[in-house]
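> Quick one: sequence plus predicted model below, questions after.
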Amino acid sequence: MRFGTPYDEVYAENAFVPEKESRLSVLANAVSYGTGTFEGIRACWNPDHQELYLLQARAHYERMARSARILGLEPPHGPDQLVHLTAELLRRNGVRADAYVRPLLLQAGEQLAVRMHDCGTRLYLAATPMPDDYIDRRGVRCTVSAWRRTADAAVPNRAKVIGSYAGPALAKTEALRNGFDEAIMLTGDGYVAEATTSNVLIRTGERWATPAATDDILAGITRSQVMRLLREHTGAVVEERRVHRSELYSCDEALLCGTAVLVTPVVEVDGRPVGDGHPGETTLAVQRLLQAISRREEADHPEWTTPVYGAARC
């Protein structure tokens with residue numbers, strides 16, 4: 001993925017400021033320990049509408065609020081105000097192309113003690129162009145990583161914790177260096193958890209399955225969308241359950257889904273073709289549908305998108 005050059009203006013310390021004025025101290029608690037939470041929100045440009053749509057912005061900020069509760073942080077604003085500030089950030093930067101918004105809520109105080117209290121919580125909002133796919137949405141080759149997903153008893157997986165992404169980063173580099181596109185991580189006891197920045201769904205016969213929230217996954221917002229679209233448009237049964245590693249090798253169809261990857265077919269796992277080795281037809285149909293919904297090119301689920309410039313069309 002090649003993100004573009006970040007936009008000039010950001011939101012920091014309760015004000016919109018030039019990005020170069022929003023720096024963290026090297027002594028900030030979050031720099032040393034990853035003490036904070038973050039989100040990623042897509043903004044999708046529709047040239048026919050001349051409108052930019054935020055995809056599931058409120059749901060992302062509701063999740064950030066839950067993450068903050070788990071970590072003991074105090075967000076300065078509620079979800080609705082954060083959606084408003086995000087739209088304002090994009091308008092101030094004149095964004096009229098696909099973009100990615102990065103909200104950060106972190107311990108910015110210059111406290112070197114390892115703790116989650118009295119460290120000065122700070123909110124940042126920044127945006128960057130997203131001119132290219134995060135991953136090849138025509139189909140990816142995956143490997144099961146040697147790195148395991150951190151257990152919820154060690155780092156809370158229901159919170160999107162900044163510091164918890166060291167493991168996925170190691171797994172991603174391992175996969176790329178070994179000639180694969182993406183890594184799938186297992187739980188400590190050997191069941192499928194998730195990919196490095198996305199959830200996993202597989203189809204065997206007529207039934208779909210995805211690892212349950214109790215299997216150390218971040219239960220993704222896009223995962224919920226995909227499960228719903230599968231049920232609404234195909235009538236498929238979608239189970240949340242434990243998934244064995246061997247099911248990755250024997251399933252008929254597999255996909256990854258997340259804010260960055262949207263919906264991406266998996267065509268191979270550890271050198272074994274998934275199904276016939278081509279993207280699954282259902283995966284491609286859901287991929288097209290979610291892309292259309294994200295730009296309001298499709299009438300389904302307008303509640304999932306928020307217009308930035310005010311042209312609330314379906």
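That came in fine, so what should we check first? None of these values were measured; they are calculated from a predicted model.
> what are the ranges of the strands in the stretch 151-300 of the chain?
182-186, 192-195, 199-204, 207-210, 237-240, 253-258, 262-269, 272-273 (DSSP state E, counting those that start in this stretch).
> between the ones you listed, which gets nearest to Ala108?
strand 253-258 (27.0 Å; CB to CB). The way it works is simple: take the backbone N, C-alpha and C, and place the C-beta from them, glycine included.
> Name the surrounding residues that touch that closest one.
With CB atoms under 8 Å, 6 or more residues apart in numbering as the test, strand 253-258 has contacts from 135, 140, 142, 182, 195, 197-203, 220, 222-223, 225-226, 248, 263-266, 269, 274-275, 280, 282-283, 286-287.
> Pairing partners for that strand, with directions?
Partner strands and pairing direction for strand 253-258 (DSSP bridges) are strand 199-204 (antiparallel), strand 262-269 (antiparallel).
> most centrally placed residue in this structure?
Centroid check for the chain by CA atoms, centre = their mean gives Thr259 as the closest residue, at 3.7 Å.
> any idea of the mean pLDDT for stretch 87-104?
Taken as a whole, stretch 87-104 has an average pLDDT of 98.
> If you count neighbours, what's buried in it?
87, 89-90, 93, 95, 98-104 (16 or more other CB atoms under 10 Å).
> Can you give me the domain assignment for the chain?
Split into domains by automatic domain parsing, the chain comes to 9-129, 140-294.
> With distance to Glu303 added, can I get the ones you listed in CSV?
Listed next are these as CSV, based on distance: least, CB to CB, whole Å:
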stretch, distance to Glu303
domain 9-129, 9
domain 140-294, 10
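> Name the stretch from those that approaches Tyr309 most closely.
Using CB to CB, the nearest of those to Tyr309 is domain 9-129, at 5.6 Å.
> now that closest one: how far from the chain's centre is it?
Centre-to-centre, domain 9-129 and its host chain are 14 Å apart (CA atoms, centre = their mean, to the nearest Å).
> what about Arg245, distance to Thr282?
22 Å (CB to CB, to the nearest Å).
> Just want to know which of those two has more residues nearby.
Thr282 (20 against 14; other CB atoms under 10 Å).
> returning to that earlier point: between the strands paired with strand 253-258, which shows the greatest average number of neighbours?
strand 262-269 (a mean of 24; mean count of other CB atoms under 10 Å).
> Specify the angle between that one and strand 182-186 in degrees.
Here the directions of strand 262-269 and strand 182-186 differ by 80 degrees (axes from the mean of the first three to the mean of the last three CA atoms, to 10 degrees).
> coming back round to it: could you dump the strands of the stretch 151-300 of the chain to a markdown table with distance to Val31 and mean pLDDT?
Listed next are the strands of the stretch 151-300 of the chain as a markdown table, based on distance: least, CB to CB, whole Å; pLDDT from 0 to 100:
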| stretch | distance to Val31 | mean pLDDT |
| --- | --- | --- |
| strand 182-186 | 25 | 98 |
| strand 192-195 | 26 | 98 |
| strand 199-204 | 29 | 98 |
| strand 207-210 | 34 | 98 |
| strand 237-240 | 36 | 97 |
| strand 253-258 | 26 | 98 |
| strand 262-269 | 31 | 98 |
| strand 272-273 | 41 | 98 |
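> nearest to Ala43, of those strands?
So among those, strand 262-269 is nearest, using CB to CB, at 13.1 Å.
> neighbouring contacts of the closest one?
Counting by CB under 8 Å, 6+ apart, 42, 135-144, 182, 184, 198, 200, 222, 226, 248-249, 253-257, 273-274, 277-280, 283-284, 286-287, 290-291, 294 sit against strand 262-269.
> Any stretches of the stretch 201-314 of the chain with poor pLDDT?
311-314 (pLDDT under 70).
> now the helices for it?
For the stretch 201-314 of the chain, applying DSSP state H, counting those that start in this stretch gives helices covering 221-234, 245-250, 281-294.
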